[in-house]
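K.L.:
Structure for this input, please:
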Amino acid sequence: MTSNLKNDGMENIDQQKRYKNAKKRVDDEKGFYTHLTFYVIINLVVLFVNTNFESQGFKNWSQWHLYITPILWGIGLLFHGLRVFNNNFIFSKDWERRKIDEIMKEEGQKP
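P.N.:
The predicted model follows:
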C-alpha cells in the first residue's frame, strides 16, 4: 500500500511538471504572437507615416532608411520565434547537458 502511494505521488509530481512545461510553452507562444502582432501593426503605421504617401505616392518607398526599424526589429522577432518554436536553438538544454558532461569527463581525467 505504501508503494502505491509513492507511485501515485510520483505520477502526480510528473503530471505537475508536464503541466508546468505545457503552460510555459503556451505562454511563450502567446508572447511570440503578441510580439508579431505589434511588429506588423506598428511597422505598417511607421512605413505609411514616414513615406508621406499622400503627396508623393510610392516614390519614397525606395529610401533605405524607411526599412531600418522593420529589419532590425524583424531580426529580433526571428530570434524570438526560433527560441519559442525550435527547442534546439544554439545553446539549448541538450547542448548544456552535453557540455557539462564533457567538462566533467575532462576534469575526471586530469591528474
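
K.L.:
what's the pLDDT at residue 93?
P.N.:
We have a pLDDT of 71 for residue 93.

K.L.:
And residue 63, by the same measure?
P.N.:
Note for residue 63: predicted pLDDT of 70.

K.L.:
Report how many residues lie close to it.
P.N.:
By other Cβ atoms under 10 Å, the residues close to residue 63 number 10. No exception for glycine: its C-beta is placed from N, CA and C like everyone else's.

K.L.:
I'd like the distance between it and residue 106.
P.N.:
In this view, residue 63 and residue 106 are 54 Å apart by Cβ to Cβ, to the nearest Å.

K.L.:
tally of neighbours for residue 35?
P.N.:
When neighbours are defined as other Cβ under 10 Å, residue 35 has 16 of them.

K.L.:
got it, and residue 80?
P.N.:
If we define neighbours as other Cβ under 10 Å, then residue 80 has 16 of them.

K.L.:
Specify the next element, helix or strand, located C-terminal of the lowest-mean-pLDDT helix or strand in the chain.
P.N.:
Lowest by mean pLDDT, DSSP states H and E among the helices and strands of the chain is helix 53-56, with a mean of 61. For helix 53-56, the following helix or strand on the C-terminal side (DSSP states H and E) is helix 68-85.

K.L.:
ok, residue 36 - contacts?
P.N.:
With contacts defined as Cβ atoms under 8 Å, 6 or more residues apart in numbering, residue 36 is in contact with 77, 81.

K.L.:
measure it to residue 73 for me?
P.N.:
For residue 36, the distance to residue 73 equals 11 Å [Cβ to Cβ].

K.L.:
got it, and residue 107?
P.N.:
Distance of residue 107 to residue 73, computed by Cβ to Cβ: 43 Å.

K.L.:
and the lengthiest helix in the chain with helix 68-85, angle?
P.N.:
Criterion DSSP state H: the longest helix present in the chain is helix 2-51. With axes from the mean of the first three to the mean of the last three Cα atoms, to 10 degrees defining the directions, helix 2-51 sits at 170 degrees from helix 68-85.

K.L.:
Check the offset of helix 2-51 from the chain's centre.
P.N.:
Relative to its chain's centre, helix 2-51 lies at 10 Å (Cα atoms, centre = their mean, to the nearest Å).
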